[in-house]
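Asker: Quick one: sequence plus predicted model below, questions after.
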Amino acid sequence: MLQLTDIEKVYQTKTIETVALNRVNLTINKGEFVSVMGPSGCGKSTLLSIMGLLDEPSGGILELDGRPVKSYSDKELAHLRNQKIGFVFQSYHLINDLSVLDNVELPLLYRAGVGGKERRQRAHAALDKVGLSARTTHFPSQLSGGQRQRVAIARALAGRPEIILADEPTGNLDSVMGEEIMDLLLGLHRHDGTTIVMVTHDEQQAQKTERLIRFFDGSQVA
Ligand SMILES: Nc1ncnc2c1ncn2[C@@H]1O[C@H](COP(=O)(O)OP(=O)(O)OP(=O)(O)O)[C@@H](O)[C@H]1O
């Protein structure tokens, strides 16, 4: 589903050039659960941003469903980002002034063809999947870290993405809550066949996924 060929990413500031990704060749197949590990600064988040079409590579070819991403117009790319990809971040990125239900519905507001009733139904179904049906009227500040991450996962699921890109989804959680979130992601993957790419610093969690990719200094080393 995603094919990276000789992908490079160079960040250039006034004083320094950083090669964040150095000729990365990688395929993510439909239905896989892949984890990415490596020391701080080795390019993991950059890799996820490029896979998620949030950032452009400096070189190489990125293909999505067999078509080079470069050949898509900006409008098509925005559409793909919104329709195909769900993001989950370490720090949840929830909106504090919105209820749990409204947070989950929010990305669907930007979807053509999804009316208010369907938005609500999808949001409820997604919250049900993550076990938070009883918390729909709560606000993020009234939830534990693990529950906040569940809301963020429900928000990604409500969009019915083909791929979930998760950047250290358990990074802010203690080990018990981290394990709960990991079990949730594993369950979603097994049950719905969702493709997941997850960056993690936790070796035990990474071992539970189907494939573990290790990065060092912008390159894949295993
Ligand atoms: N916007 C940017 N401008 C300049 N340099 C950047 C930028 N984003 C990342 N970098 C640099 O690119 C390299 C890779 O960063 P990246 O965030 O992808 O690493 P990471 O493996 O995700 O790190 P961590 O585990 O600490 O989150 C680092 O050296 C970083 O300083």
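Answerer: Received the coordinates, thanks.
Asker: Share the number of residues neighbouring the residue lying closest to P140 once chain neighbours are set aside, please.
Answerer: In this structure, P140 finds its nearest non-sequential neighbour in L94, 4.4 Å apart by Cβ to Cβ, 6 or more residues apart in numbering. Using the backbone N, CA and C atoms, a C-beta is placed for each residue, glycine as well. Using other Cβ atoms under 10 Å, L94 has 21 other residues around it.
Asker: which SS state does L94 fall under?
Answerer: coil (DSSP: H, G, I helix; E, B strand; the rest coil).
Asker: Verify the stated contact: it with R150.
Answerer: No - L94 is beyond contact range of R150, at 10.6 Å (criterion: Cβ atoms under 8 Å).
Asker: give me the number of residues near K208?
Answerer: 16.
Asker: Do any residues in stretch 196-213 lie close to the ligand?
Answerer: No - applying Cβ under 6 Å from any ligand atom, one finds stretch 196-213 separated from the ligand by no less than 6.6 Å.
Asker: Okay, buried residues for that stretch please.
Answerer: For stretch 196-213, a neighbour-count test (16 or more other Cβ atoms under 10 Å) marks 196-200, 202, 205-206, 208-209, 212-213 as buried.
Asker: same check, this time on stretch 155-175
Answerer: 155-173.
Asker: where do the strands sit along the protein?
Answerer: Using DSSP state E, the strands of the chain run over 2-12, 17-28, 33-37, 59-64, 67-68, 85-89, 163-167, 195-199, 211-216, 219-220.
Asker: now the angle from the longest one to strand 163-167?
Answerer: Right, the one you point to is strand 17-28. 140 degrees (axes from the mean of the first three to the mean of the last three Cα atoms, to 10 degrees).
Asker: related to what we said a few turns ago, dump the buried residues of stretch 196-213 to JSON lines, plus distance to S35.
Answerer: Shown next, in JSON lines, are the buried residues of stretch 196-213 (distance: Cβ to Cβ, whole Å):
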{"residue": "I196", "distance to S35": "9"}
{"residue": "V197", "distance to S35": "8"}
{"residue": "M198", "distance to S35": "5"}
{"residue": "V199", "distance to S35": "7"}
{"residue": "T200", "distance to S35": "5"}
{"residue": "D202", "distance to S35": "9"}
{"residue": "Q205", "distance to S35": "7"}
{"residue": "A206", "distance to S35": "4"}
{"residue": "K208", "distance to S35": "8"}
{"residue": "T209", "distance to S35": "4"}
{"residue": "L212", "distance to S35": "5"}
{"residue": "I213", "distance to S35": "7"}
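Asker: For V10, give its distance to the ligand.
Answerer: 9 Å (Cβ to the nearest ligand atom, to the nearest Å).
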